[in-house]
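[1] Everything below, folded, please.
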Amino acid sequence: MKKMKFLTAGLIAAMMVPAVAQAQTREIRADRRDVREERREVRDAQRYGDRGDVREERREYRDAKRELREDRRDWRQDRRYRDYRAPFRYHQFRVGSTLRSNYYAPAYRPAWDSRWGVPRAGRNLTYVRHYNDLLLVNARNGKVIRVYRNHFRWR
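    Next up is the predicted model:
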């Protein structure tokens, strides 16, 4: 019985990790929308309002920008995408190189995410993280299709 509760808790935790990541990106998207709306309201207040309205709208715009900055900082400091190191040495791969299967094991395959600015991997293709590089690899034969150098350094 105790083992069943432990397994259930583990499954729930495993299912929550992607939801947390999605919630962060959704939150950033909502903050961007708020900044655009506040900027629009500042312009309207400057055009049609008095000084008090303009001052109030500028304050709300400043608060919306601060909130967006804080959420972006939180996203960047997310431990899952920070200081990643593989248990083997760095090797600079080129297009056409062949990887051994341990280089593209499931532990090194990050799920596709729109915030990375790369297209979804096609059929039998997968993204593999190798230190700060992102490799697009054919999962059948291990051939490197595309290399994104230092892709994770700027985040």
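[2] could you check the distance from the residue at the greatest distance from the centre of the chain over to E57?
    In the chain, D50 marks the outermost C-alpha relative to the chain mean, sitting 41.4 Å out by CA atoms, centre = their mean. Relative to E57, D50 is positioned 11 Å away (CB to CB, to the nearest Å). C-beta coordinates here come from the backbone N, C-alpha and C atoms, glycine included.
[3] tell me the helices in this protein, going along the chain?
    2-48, 51-76 (DSSP state H).
[4] any idea which of these scores lowest on pLDDT?
    Within these, confidence is poorest for helix 2-48, with a mean of 73 (mean pLDDT).
[5] Now the residue farthest from the centre of the chain. Its backbone dihedrals?
    phi -100, psi -180 (degrees, to the nearest 10).
[6] Any idea how far stretch 61-81 is from the middle of the chain?
    On the basis of CA atoms, centre = their mean, to the nearest Å, stretch 61-81 sits 12 Å off its chain's mean C-alpha point.
[7] in it, what counts as buried?
    If you call a residue buried by 16 or more other CB atoms under 10 Å, then stretch 61-81 has these buried ones: 61, 64, 67-68, 71, 75, 81.
[8] Just put those in a markdown table and tack on distance to Q46.
    Listed next are those as a markdown table, based on distance: CB to CB, whole Å:
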| residue | distance to Q46 |
| --- | --- |
| Y61 | 11 |
| A64 | 17 |
| E67 | 22 |
| L68 | 21 |
| D71 | 27 |
| W75 | 32 |
| Y81 | 40 |
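[9] I'd like to know which of those residues is nearest to R40.
    Distance to R40 across those (CB to CB) is lowest for Y61, with 9.5 Å.
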